[in-house]
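Student: Model the structure of this input:
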Amino acid sequence: MKILFTYIFIVLAYISSAQVKKNKPVKNVETNHVVRPDYQKYPYWIAMMYDTTVKYNEAKFAFEEFWKNRELPEETEGEAAELYPVVETKSIEDTIAKESPSKGLHFKNKETFQYIYEYKRMKWWLKENEVWVNPNTGKVYSQQEKYNILTNNKK
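Tutor: Numbers count the residues shown, from 1 in each chain. So this is what the prediction gives:
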């Protein structure tokens with residue numbers, strides 16, 4: 001019985017080590033970035049956006065890799081223009097009657113609709129924090145560090 005448990009333990013340890021090696025980061029020679037194969041498969045950039053220790057360029061790279069071969073959740077003619085039309089009505093019943101269920105956001109891939117909020121939030125995060133990257137570490141300054149920089153520059 002002990003031999004069986006030992007054998008099962010060894011097999012499980014071997015399988016788990018094989019999976020760790022499979023997900024090992026690889027360096028892309030052209031861009032000089034460390035490419036994790038799962039950046040394209042899983043949205044790590046969502047968690048990176050809220051992580052105060054993440055490097056700005058790594059989060060940006062993960063975001064771009066995830067959306068590289070996907071439909072972007074944005075519209076060129078103003079987002080949700082058909083979803084929220086401006087209609088002058090006298091009562092709420094008239095408004096409900098004039099709404100059409102065929103209008104709204106339509107994407108080829110259902111996954112795109114799922115990430116609309118996170119996509120917009122990340123675009124804002126990238127734009128907002130682009131100027132707040134520490135040149136020595138590559139990380140975004142904390143709120144306290146931002147405050148200190150602003151108050152020291154006023155003097």
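Student: which residue ranges form the strands in the protein?
Tutor: When secondary structure is read from DSSP state E, the chain shows strands at 26-27, 34-35.
Student: tell me the contacts of residue 141?
Tutor: When the contact criterion is Cβ atoms under 8 Å, 6 or more residues apart in numbering, the partners of residue 141 are 132-134, 149. In this view, the C-beta of every residue, glycine as well, is placed from N, C-alpha and C.
Student: Please name the nearest non-neighbouring residue to residue 139.
Tutor: Counting by Cβ to Cβ, 6 or more residues apart in numbering, residue 55 is the residue found nearest to residue 139 once chain neighbours are left out, at 5.6 Å.
Student: what's the answer for residue 138, then?
Tutor: If you skip the residues right next to it in sequence, residue 138 has residue 55 as its closest partner in space, 4.2 Å away by Cβ to Cβ, 6+ apart.
Student: Quote the end-to-end distance of stretch 40-49.
Tutor: Counting by Cα to Cα, to the nearest Å, you get 16 Å between the two ends of stretch 40-49.
Student: buried stuff in that stretch?
Tutor: 43-46, 48-49 (16 or more other Cβ atoms under 10 Å).
Student: Next step: the residues you listed restricted to helices.
Tutor: Where these overlap with helices, as defined by DSSP state H, the overlap consists of 44-46, 48-49.
Student: and which of those is nearest residue 116?
Tutor: The shortest distance between residue 116 and any of those, using Cβ to Cβ, involves residue 46 and amounts to 12.3 Å.
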